[in-house]
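Chemist: sequence plus the predicted model coming up.
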Amino acid sequence: MDYWNTIEKIYTVQFTGSHLKTTRDNYPKIYEYLEYACQILDMSKIPDLYIQWGYEINACTIGAENPIIVLNSGLIDLCDDDEIFFIIGHELGHIKRTHMLHNVSRKFESNFLGLTVQTNRSVMLGSLSGTKLGVWVAHGEGRFSLPLPEDNYNIVLKYSYDDYPANPNGSDYSVAGICSADGRHLAMMPHPERAFFPWQCATYPAHRKADEVTPWIEAFVNARKWVEEHRQ
């Protein structure tokens, strides 16, 4: 059984089968807000939006492959138009933003793989741009879901090959790590802290066996230096 897909389908049936779907004819003002928010956020696909009965001012987004938005009726009754529009935009942000999903294999993946450090300005990995390194991965929920074209992201790390098992989780664009525009915030799935020393690596260049540490240590030295330079 594909456990997580099954869970998503159960929730989808629960919310779509017993609640009201907004359309141009049903809750037209709410649907107009949805359309306008999608236009502002440059989202070509408009997700389904449902209204469920409930006193609380609350909303949620459900699903990964085909997400839906659910608003409580109390929110519609108690919030003004600007607040409703804001909440719809907030929920759309959950859909548009980058997500970490379960591996396409639906298994926990643990392996020693090749990575390529992209040209980047991140604090930790900028100095390693262009380097090809081996590293351990160990995760069950490590797939980068990137809904926008690749050039919208500051991609720092890529798996050296696109196909499984070299791309162990099926990440879009074979991404293994991304960072914020200012380079301070890095999100990555591999574990360089498990590959500090050559003896920790499943394979290591024969002509560099005398290395005391691997190039990965440089990322953490860079982080320490950045902290020291920006200390108050």
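Modeler: Thanks, I have it.
Chemist: and the next element down the chain from the lowest-mean-pLDDT helix or strand in the chain?
Modeler: Least confident element among the helices and strands of the chain, by mean pLDDT, DSSP states H and E: helix 3-18 (a mean of 72). As assigned by DSSP states H and E, the chain's next helix or strand after helix 3-18 is strand 20-21.
Chemist: tell me where the model's unsure across the protein.
Modeler: Residues of the chain meeting the criterion pLDDT under 70: 1-5, 7.
Chemist: that one: helices as residue ranges?
Modeler: Assigned by DSSP state H, the helices in the chain fall at 3-18, 28-40, 73-78, 81-96, 217-229.
Chemist: picking up where we left off before, buried set for the least confident helix or strand of the chain?
Modeler: Of the residues in helix 3-18, 8, 12, 15 count as buried by neighbour count, 16 or more other CB atoms under 10 Å. For glycine as for every other residue, the C-beta is placed from the backbone atoms N, C-alpha and C.
Chemist: neighbours of Met188, how many?
Modeler: Neighbour count for Met188, taken as other CB atoms under 10 Å: 22.
Chemist: same check on Phe86?
Modeler: Phe86 has 14 nearby residues by other CB under 10 Å.
Chemist: His185 now?
Modeler: 12.
Chemist: leaving out the residues flanking it, which one is nearest to it?
Modeler: Distance criterion CB to CB, 6 or more residues apart in numbering; nearest residue to His185, sequence neighbours excluded, is Cys179 at 6.1 Å.
Chemist: likewise for Thr98?
Modeler: In space, Thr98 comes closest to Leu146 once its chain neighbours are excluded; the distance is 5.7 Å by CB to CB, 6+ apart.
Chemist: list phi and psi for that neighbour.
Modeler: phi -120, psi 100 (degrees, to the nearest 10).
Chemist: okay, and the beta partners of the residue nearest in space to the middle of the chain?
Modeler: The centroid of the chain falls nearest to His99 when counting by CA atoms, centre = their mean (2.6 Å). Applying DSSP bridges to His99 gives these bridge partners: Ser145.
Chemist: my guess is it contacts Ser145, does it?
Modeler: Yes. Assessed by CB atoms under 8 Å, His99 is found in contact with Ser145 at 4.3 Å.
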